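Chemist: this is a predicted model, with the sequence first.
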Amino acid sequence: MRAPTPAFRLLRRQFNTSPIFHHENPLGLPSHGIPKSGTIPRMARGLPTKQHIPSVTKIIAVSSAKGGVGKSTVSVNLALALAHAGKRTGILDTDIFGPSIPRLMNLGGEQPRLSEKGKLVPLVNYGVKTMSMGYLVDEGKAVVWRGLMVMKALQQLLWDVEWGGLDVLVLDLPPGTGDTQLTVTQQVVLDGAVVVSTPQDIALIDAVKGINMFRTVEVPILGMVQNMSMFTCPNCHHSTHIFGADGVARECEKHGIHLLGDVPLNATICQDADQGKPTVVARKGPLADAYHGIATKVIAQLWPEEKE
């Protein structure tokens, strides 16, 4: 494929995270690629307007409401498992300040180009289309922005990406239940949400907040994923519940939602993620099967007509 002309390539040297950009166009996209004022979903008279992302059939959000529970690793492996199941899949990293997708998808250092329509063209690896703030700023460089810039950048990532036809788009949400989460849930038509948590009580406190947030904004909850559930020593093969046992299962029963799957605490999953080759594509066996099982349950809810 012929390399894109310089006119349609987004160069990092043209991108600056300092506040000199007007918040209406923080990513510095060409003016012809930015919708006219009022066409991007926004609060109108205090009421949010939800819209579908163009050329995307289904959209799901993956949330933890707490950092450090492995949500992004679950998001990436879920997206890859959906792709392996035959779904045209994309993943959008909505974390402006701490994007993880470039490293997890082995696309660090890559730069997106712009289409002739002035929209960002996703980067692709392992058969999954991806977009992230991490492609627009060098790794390790801080994004020092206030709220208006962050929200506008998020909207550009939501509406100014040329996905080119997807069956499902996975939104990897940052921790918390604040502006980013509300922007996504109130402006995008979501077909469901997946909540990730460890079995530990302190993590479940925030996970329940995430559940309540989705219910408040009327987003259907597909279920919860219990991550880092059990550790098996590779030497003596003794198994122990480091973060507690069955905490997520109890919350699922309490709140009347599905338990989508149980992913063990295993150093291999961490190593796969750090090397940019997620477990679903790096290996076969029980670890990868855990994510495939989650994807199967998600597909059953998003496409119930496919059940035999």
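Modeler: Cool, the structure landed.

Chemist: against the centre of this structure, work out the most remote residue.
Modeler: residue 236 (36.2 Å; CA atoms, centre = their mean).

Chemist: next one: that one relative to residue 265, how far apart?
Modeler: Counting by CB to CB, to the nearest Å, the gap from residue 236 to residue 265 is 16 Å. Backbone N, C-alpha and C define where each C-beta goes, glycine included.

Chemist: and residue 169, by the same measure?
Modeler: From residue 169 to residue 265 the distance is 29 Å (CB to CB).

Chemist: swap in residue 151?
Modeler: 35 Å.

Chemist: how about residue 197, what does it touch?
Modeler: 64, 66, 69, 203-204, 206-207, 224-227, 247-248, 251 (CB atoms under 8 Å, 6 or more residues apart in numbering).

Chemist: only whichever of these are buried, select them in PyMOL.
Modeler: To isolate the buried ones among the contacts of residue 197 in PyMOL, judged by 16 or more other CB atoms under 10 Å, type:
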select buried, resi 64+66+69+203+204+206+207+224+225+226+227+247+248+251
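
Chemist: lowest pLDDT pick from the contacts of residue 197?
Modeler: Among the contacts of residue 197, residue 66 has the lowest pLDDT, at 80.

Chemist: quick one, what contacts that residue?
Modeler: 175, 197, 203, 206-207.

Chemist: now, which of those sits nearest residue 165?
Modeler: Minimum distance to residue 165 across the contacts of residue 66 is 30.8 Å, recorded for residue 175 (CB to CB).

Chemist: a strand runs through that closest one, doesn't it?
Modeler: No - applying DSSP: H, G, I helix; E, B strand; the rest coil, one finds residue 175 to be coil, outside a strand.

Chemist: what about it, how many neighbours?
Modeler: 19 (other CB atoms under 10 Å).

Chemist: isn't it up against residue 72?
Modeler: No - using CB atoms under 8 Å, residue 175 is not in contact with residue 72, being 10.1 Å away.
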